[in-house]
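Student: Make a model of this:
(one chain, ligands or ions: 1)
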Amino acid sequence: MAIYFITHGPPPPVDSKPPTSLPATTMGRKLDPFYTNNFTRLKDVHNKSKRNMFKCNHCGTELEHRENRLAQHTTDATKCEKAPPAARTAAHTLMLQKATTKRTAGDSSDEDEGAEDEDEQPQKKKQKKQKQAVLDGFVDHPMTKDQAKAANVKLLRYLIHSNSAFLNAENLFLAEFVNELRPSFKISSRTTMSTLLLDAEHSRVHLDAVKTLTSWGRSGTLLIDGWDDELHRSLYGTTAGKVGEPTVVMGLQDLTGHRGSSKSIFEAAKTSASTMGMRG
Ligand SMILES: [Zn+2]
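Tutor: Alright, predicted model coming up:
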């Protein structure tokens, strides 16, 4: 099957509905414009967690605002069919930024908008004392937040590409190894690894793939194939190919229970294209 892409063109303006009477903040923190442009805050929700409920402006789905829930909804064409390409890109950009501007080293992954920027330089704590202490031929210079984040992202890539469980981020022997190299470095928790950092990494890869696809214009070929995995799920993968270029993965869908008809396969391909920010 060969279908040609429709090029992206300039992103359409994001549907910016006039804000509701509620202020664009949760618990006094200012919300990123992505949330206000794509979601409407619902008032008077008395749920246990005391977090805010939001309604998607594109499809009407109601969601609790925590971690990357709202952004993930917008990026996924299987969850939100109607989000425009610009909104999907904005959601990915937000998830990527969250991991680069936040404190990262081993903290919890609780949602936290507009985290205050502390000093870029690591603290020079107890400098005087250190001078007088026995150096043992080794001084550990604390890493900046950006350096620590970059290191944790690299560790995350190792976990992903070695097919290791995120649990291994908390393995005692890994901690001992890191401690040997750099005692002040704190490995991110498995939760941070599997939420905040993984989301950011996914968004980075996604935005990169979209950029590649856009640069191809109409010259790529859509490839779709299905197979059964070990759990006997019927999976359909959609990719884009071009001679001499690495294949771009556009999506993988579980069509278990659907007939493998040309119609459902076509729908799966359309959903993948939508997830990649393409307009039909
Ligand atoms: Zn939606």
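
Student: quick one: secondary structure of residue 215?
Tutor: Following DSSP: H, G, I helix; E, B strand; the rest coil, residue 215 is assigned to helix.

Student: Give me the neighbour count for it.
Tutor: Using other CB atoms under 10 Å, residue 215 has 11 other residues around it. All C-beta spots, glycine's among them, are computed from the backbone N, C-alpha and C.

Student: Same question for residue 58.
Tutor: For residue 58, using other CB under 10 Å, the count is 17.

Student: go on, the one 3 residues further on?
Tutor: Taking other CB under 10 Å as the criterion, the count of residues near residue 61 is 14.

Student: can I assume it is in contact with residue 55?
Tutor: Yes: counting by CB atoms under 8 Å, residue 55 is a contact partner of residue 61 at 7.2 Å.

Student: how near is residue 218 to residue 272?
Tutor: Distance from residue 218 to residue 272, counting by CB to CB, to the nearest Å: 17 Å.

Student: Among these two, which residue is more densely surrounded?
Tutor: Between residue 218 and residue 272, counted using other CB under 10 Å, residue 272 has the larger neighbour count: 24 against 8.

Student: now that one, what's its secondary structure?
Tutor: Note that with three-state DSSP, the state of residue 272 is helix.

Student: residues in contact with it?
Tutor: The contact partners of residue 272, by CB atoms under 8 Å, 6 or more residues apart in numbering, come to 77, 238, 250, 251, 253.

Student: residues from this protein in reach of the ion?
Tutor: Counting by CB under 5 Å from the ion, the chain comes close to the ion at 56, 58, 59, 61, 80.

Student: hmm, try it at 6 Å
Tutor: 56, 58, 59, 61, 73, 80, 83 (CB under 6 Å from the ion).

Student: quick one: low-confidence parts of the stretch 151-280 of the chain?
Tutor: 279-280 (pLDDT under 70).

Student: Do a quick rundown of the strands in it.
Tutor: 221-228, 234-241, 248-254 (DSSP state E, counting those that start in this stretch).

Student: Just the helices from this protein, written as ranges.
Tutor: Using DSSP state H, the helices of the chain run over residues 33-38, 69-75, 85-101, 127-132, 145-161, 172-181, 190-192, 198-216, 262-275.

Student: between the ones you listed, which one is nearest to residue 139?
Tutor: Proximity to residue 139, assessed across the helices of the chain by CB to CB, is greatest for helix 127-132 (7.2 Å).

Student: related to what we said a few turns ago, are any of the residues of the chain next to the ion buried, and if so which?
Tutor: By neighbour count, with 16 or more other CB atoms under 10 Å, these hold 56, 58, 73, 80, 83 as buried.

Student: hang on, isn't the first one packed against residue 37?
Tutor: I take that to be residue 56. No: look at residue 56 against residue 37 with CB under 8 Å: they stay out of range, at 11.3 Å.

Student: Residue in the stretch 151-280 of the chain with the shortest distance to the ion?
Tutor: residue 274 (11.9 Å; CB to the ion).

Student: Next, work out how far apart the closest residue to that residue other than its chain neighbours and residue 163 are.
Tutor: Closest residue to residue 274 apart from its sequence neighbours, by CB to CB, 6 or more residues apart in numbering: residue 77 at 3.8 Å. Here residue 77 is placed at a distance of 27 Å from residue 163 (CB to CB).

Student: With neighbour numbers in mind, choose between those two.
Tutor: Using other CB under 10 Å, the more surrounded residue of residue 77 and residue 163 is residue 77, with 21 against 6.

Student: wouldn't that one be in contact with residue 267 here?
Tutor: No: assessed by CB under 8 Å, residue 77 is found out of contact with residue 267, at 10.5 Å.

Student: Nearest residue to the middle of the protein?
Tutor: With distances taken as CA atoms, centre = their mean, the residue of the chain nearest its centroid is residue 199 (2.5 Å).

Student: Which residues are in contact with it?
Tutor: 68, 71, 72, 95, 98, 99.
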